[in-house]
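Engineer: here is the input, now give the coordinates:
(one chain, ligands or ions: 2)
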Amino acid sequence: MDKRVALIECKNYDEKIVEESIHRLLAQFGGAKELAGGKKVLIKPNLLMAREPRDFTTTHPSVVKALVREFMNAGCEVTIADSCGGMYTTQILKKLYSVTGMAKVAEETGATLNYDTSDVEMEYASGKRISKVPIIKPVHDAEFIVSVAKLKTHGFAYYTGAVKNLFGVIPGLTKPMFHAKFPEKEEFCEMIVDLCQLVSPDFSVIDGVVGMQGKGPSGGTAKEAGLLLGGVNPHAVDLAGIRVMGFKSEDVPTIYDAQERGLIPKTPYELEYLGDDPKMHELYFIPASSKVPGFLIRLVPEKFRRLIGCLVTPYPQIHEKKCVGCGACARTCPMHTIEIVEGKAKIDYSQCVKCYCCHELCPPKAIGFKRIVKK
Ligand code: SF4
Ligand code: SF4
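Structural biologist: Numbering: from 1, shown residues only. Ligands and ions are numbered 1, 2, ... in the order given. Have a look, this model is predicted:
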């Protein structure tokens with residue numbers, strides 16, 4: 001078990017400041033050359049959707065740029081790749097890279113942007129929830145994978161960091177199928193931990209310069225944390241991430257499951273911190289929604305969890321005035337339970353599994369939450 005996590009102060013996204021912080025972060029692990037010298041490096045940022053960096057939904061381009069430079073200076077060939085929510089096509093990727101600032105990073109550094117939309121099925125015999133899963137090809141082909149996440153709350157998974165970021169290696173509209181297959185957050189998050197073990201990123205970084213609190217991962221508000229986190233063990237990096245946010249392990253199913261599997265210690269205080277003193281980075285992030293506390297859910301037998309979830313967990317709610325009828329929610333809904341009627345989205349709650357994919361991908365943030373009792 002690698003317990004090392006570097007916490008490095010990074011006050012803002014000024015390129016010079018980010019470059020120095022990233023250099024300091026990698027230096028805690030021997031530097032880019034020691035880590036990956038001469039290899040084919042894949043950088044996997046969180047590009048959830050085509051949002052500009054100022055929205056704090058996606059990994060900031062200056063963090064990606066600094067990492068690209070470090071690995072290129074170490075003689076690596078660097079590719080940037082992700083499959084955002086919704087469809088995975090060349091056209092969509094072009095817009096995604098342009099809006100999120102990745103196209104500019106590639107232009108200024110010489111890194112390659114992935115436009116290969118094929119995938120490869122990978123097997124994971126010892127998976128708890130999955131035994132095989134399709135993975136986007138550049139991730140499969142890479143010799144050294146870097147997960148570059150954003151420090152955010154998450155309406156469904158509670159928290160998203162280095163491990164949840166890897167859901168983006170599943171191509172396009174295959175992702176909602178996994179939501180449909182694992183509608184309960186505990187099962188879904190165990191699947192994410194399987195995926196992380198299968199992909200096995202070699203290094204993980206979290207952009208916590210400005211994270212997101214409240215209705216994450218796309219509808220929340222900015223939260224300045226002023227730091228970067230990094231390490232070899234993605235679960236350890238996430239455990240440090242939730243310490244920064246003031247969250248408990250038992251509320252974050254990906255962390256809880258990693259602890260059960262013996263991949264990380266039971267508390268963030270047992271990690272080995274490099275760089276800054278973690279006490280200087282302890283903050284409070286407002287959670288995404290008031291769901292049932294994780295420890296209470298786990299006291300309930302698995303077959304009754306869905307019933308408890310139905311009663312307590314809120315449903316997505318369309319704010320009609322903000323809805324522009326773009327249909328992004330309907331296209332991503334794994335249960336096909338959203339229709340566009342007279343230019344507005346309508347949800348048929350009888351089929352909704354509360355995966356919140358619609359909430360995540362709504363461009364004008366027109367989807368909130370509400371508690372309803374289904375008839
Ligand atoms: S709710 Fe959002 S994603 Fe759905 S149609 Fe309206 S604006 Fe588009
Ligand atoms: S309506 Fe939204 S929350 Fe419900 S299943 Fe569809 S995408 Fe998921």
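
Engineer: P234 contacts S204, correct?
Structural biologist: Yes. Between P234 and S204 a contact is recorded at 4.1 Å, counting by CB atoms under 8 Å. (C-beta placed from N, C-alpha, C; glycine too.)

Engineer: please enumerate the shared neighbours of these two.
Structural biologist: Here P234 and S204 have S147, A162 as joint contacts, going by CB atoms under 8 Å, 6 or more residues apart in numbering.

Engineer: all the helices of the stretch 251-375 of the chain, residue numbers only.
Structural biologist: All helices of the stretch 251-375 of the chain, identified by DSSP state H, counting those that start in this stretch, fall at 253-260, 294-299, 302-312, 328-332, 357-361.

Engineer: more neighbours, P234 and S204?
Structural biologist: Using other CB atoms under 10 Å, the more surrounded residue of P234 and S204 is P234, with 33 against 29.

Engineer: find the nearest non-adjacent residue to the residue in the stretch 101-250 of the chain that ligand 2 sits nearest to, please.
Structural biologist: The stretch 101-250 of the chain approaches ligand 2 most closely through H179 (6.5 Å), counting by CB to the nearest ligand atom. Leaving aside its sequence neighbours, H179 sits nearest to C355 (CB to CB, 6 or more residues apart in numbering; 3.8 Å).

Engineer: might you report the residue contacts of that neighbour?
Structural biologist: So C355 contacts F156, P176, H179, A180, P183, F188, P334 (CB under 8 Å, 6+ apart).

Engineer: how close does it sit to ligand 2?
Structural biologist: C355 is 4 Å from ligand 2, where distance means CB to the nearest ligand atom, to the nearest Å.

Engineer: before we move on, what about D82?
Structural biologist: The value you get for D82 to ligand 2, if CB to the nearest ligand atom is used, is 20 Å.

Engineer: so who does that residue touch?
Structural biologist: K44, P45, N46, L47, L96, G168, V169.

Engineer: V210 contacts A222, doesn't it?
Structural biologist: Yes. In this structure, V210 is within contact of A222 by CB under 8 Å, at 5.2 Å.

Engineer: what do the two both touch?
Structural biologist: Common neighbours of V210 and A222 (CB under 8 Å, 6+ apart) are F56.

Engineer: which one of these two is surrounded by more residues?
Structural biologist: V210 (19 against 14).

Engineer: now do the more buried one, the pLDDT please.
Structural biologist: Predicted confidence (pLDDT) for V210: 98.

Engineer: point out where the stretch 151-300 of the chain drops to low pLDDT.
Structural biologist: The model of the stretch 151-300 of the chain has pLDDT under 70 over residues 289-300.

Engineer: now do the contacts for T254.
Structural biologist: Here T254 is in contact with A157, Y159, V163, K164, C189, I192, V193, C196, H235, D238 (CB under 8 Å, 6+ apart).

Engineer: against ligand 1, how distant is M72?
Structural biologist: Computed with CB to the nearest ligand atom, the distance linking M72 and ligand 1 is 37 Å.

Engineer: what does P265 give?
Structural biologist: 40 Å.

Engineer: I'd say that residue and L239 touch.
Structural biologist: Yes. Counting by CB under 8 Å, P265 does reach L239; the two are 7.5 Å apart.

Engineer: pick out whichever of the two has more residues nearby.
Structural biologist: L239 (32 against 18).

Engineer: burial count for the residue of the stretch 51-200 of the chain found nearest ligand 1?
Structural biologist: Per CB to the nearest ligand atom, G86 is where the stretch 51-200 of the chain lies closest to ligand 1, at 9.9 Å. Other residues near G86 come to 22 when the count uses other CB under 10 Å.

Engineer: now M122
Structural biologist: Going by other CB under 10 Å, the residues that sit close to M122 add up to 16.

Engineer: quick check: which element contains I145?
Structural biologist: Take DSSP states H and E as the rule and I145 turns out to sit in strand 144-154.

Engineer: report the angle between that strand and helix 253-260.
Structural biologist: When axes from the mean of the first three to the mean of the last three CA atoms, to 10 degrees is applied, the directions of strand 144-154 and helix 253-260 differ by 120 degrees.
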